[in-house]
Structures are given as structure tokens and as C-alpha cells.
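K.L.:
Dropping a prediction and its sequence here:
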Amino acid sequence: MKKKAEYKSAIRSRRLILQAFTQLMQEKELEKITVTDIIKLADINRGTFYAHYQDTRAVIEQIENDIISKMLEFLKEFQYRSFFQNPLPLLLKIARCLEEDLEFYRILINSSGSEQFLIKLKKIFVTYMENDSDIPSQQKKSAEFYVRINFFAGGVINLYQIWFRGETDLSLNDMSLEMSKFIAISTNSFLKEH
């Protein structure tokens with residue numbers, strides 16, 4: 001019973017730390033958030049923070065890793081050909097995930113340190129498509145494939161950035177639908193050739 005209580009306490013502490021960190025991201029640049037800022041806002045002691053995280057960078061890495069894990073779960077559900085022929089189901093699934101915590105993602109994407117994370121996210125998508133997808137190896141070696149997956153990964157991420165910055169009136173559903181149409185049309189000939 002004691003272990004269960006400790007486990008719940010650890011989950012609660014991590015949640016408080018992440019909530020405080022997210023709130024601080026609205027007020028400060030990522031690099032300027034300190035452990036002291038977090039523990040004051042989370043109303044925990046320094047020892048509790050260090051029991052879970054080495055420093056503020058570790059908190060950022062936890063957030064990034066959680067998002068990357070979700071993305072990889074989504075990608076594993078979709079095969080390459082089915083994604084490019086009908087990308088809407090995956091894009092809608094991403095939209096639903098973003099809608100579950102819109103304010104958090106808005107803060108994260110609009111924060112000063114987000115560019116590095118978004119580059120990392122794009123690389124993970126590209127690497128997944130190059131290594132772990134059902135793409136025939138001869139396709140993976142083509143210059144066309146390299147250009148297309150980088151173009152799509154960068155384009156999708158850029159459109160989400162635009163949406164979260166409020167630069168469009170499109171809903172996430174409408175954005176997903178438009179991206180889906182573009183991806184399906186532009187890859188149709190490539191898939192037929194291979």
C-alpha cells in the first residue's frame with residue numbers, strides 16, 4: 001500500500017512540475033525559467049523537484065519525449081501507402097490530440113525554444129519514413145522520396161505553427177482536410193510510378 005501511495009505522490013509531483021513549467025512558458029523565455037520559479041509556482045520543495053528532474057532542461061526533454069512518443073504511436077498505426085493516398089485519418093488524429101490540450105500546445109509552439117523541438121520532430125518523422133515504414137527500399141533510395149518526405153514533414157509542421165500563432169481562421173479540421181487534399185494529389189503520381 002505504501003508503494004502505491006508513493007507512486008501516486010510521484011505522479012502528482014511530476015504533474016505539478018509540468019503544469020508550473022507550462023505556465024511559466026507563457027511568462028518567460030524557456031532559457032530564463034529556473035528551478036526556483038518552478039518550485040515556487042508548483043508549491044513543492046527543491047528536493048521534490050530534484051527527485052524527478054535533474055534541471056529545467058530535463059523538464060523540457062520530458063515534454064518533448066512525451067510528444068514524440070505520441071507521434072510515433074500515431075505513425076505506427078498508418079502504413080506509408082495508405083497515409084499518402086488518404087492522409088486525412090492521421091491528420092485528424094493529430095488534430096484531436098492537439099485539441100485535448102490546445103493551450104499547452106499553443107504555448108509550446110509559440111515559446112522561444114520551440115524551433116529546435118520542431119526541427120527534432122520533423123527529423124523523427126523523416127527518419128521513421130526512411131527506416132520503419134512499409135516503403136519499398138528502392139523508393140527510399142530515390143531523390144524524389146527524400147524531397148517529398150522532407151517537404152511534407154516541414155510543410156505540415158509549418159502549417160500547425162501558423163495555426164497556433166493565429167495567422168489563419170481555419171479550424172484544425174479544415175486545416176487537416178486541406179493538408180490531406182494537397183498530400184494526396186501531389187503524391188498520387190509518385191505512388192503510381194513506384
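P.N.:
Received it, and whenever you're ready, just let me know what you need.
K.L.:
any idea of the pLDDT on residue 80?
P.N.:
The model reports residue 80 with a pLDDT of 61.
K.L.:
pLDDT at the residue nearest to the spatial centre of the chain, what is it?
P.N.:
Compute the mean C-alpha point of the chain, and by C-alpha atoms, centre = their mean the closest residue is residue 67, 4.4 Å away. With respect to pLDDT, residue 67 scores 87.
K.L.:
and the next element down the chain from the lowest-mean-pLDDT helix or strand in the chain?
P.N.:
The weakest-scoring helix or strand in the chain, judged by mean pLDDT, DSSP states H and E, is helix 80-85 (a mean of 66). For helix 80-85, the following helix or strand on the C-terminal side (DSSP states H and E) is helix 88-100.
K.L.:
domains for this protein, by residue range?
P.N.:
Per automatic domain parsing, the domain ranges recorded for the chain read 1-53, 63-193.
K.L.:
Comparing these by mean pLDDT, which bottoms out?
P.N.:
Across those, domain 63-193 gives the lowest mean pLDDT, at a mean of 82.
K.L.:
Distance-wise, check the closest residue to residue 19 other than its chain neighbours relative to residue 121.
P.N.:
Nearest non-adjacent residue to residue 19, counting by C-beta to C-beta, 6 or more residues apart in numbering: residue 42, 7.0 Å away. No exception for glycine: its C-beta is placed from N, CA and C like everyone else's. Distance of residue 42 to residue 121, computed by C-beta to C-beta, to the nearest Å: 27 Å.
K.L.:
This completes my enquiry, with thanks.
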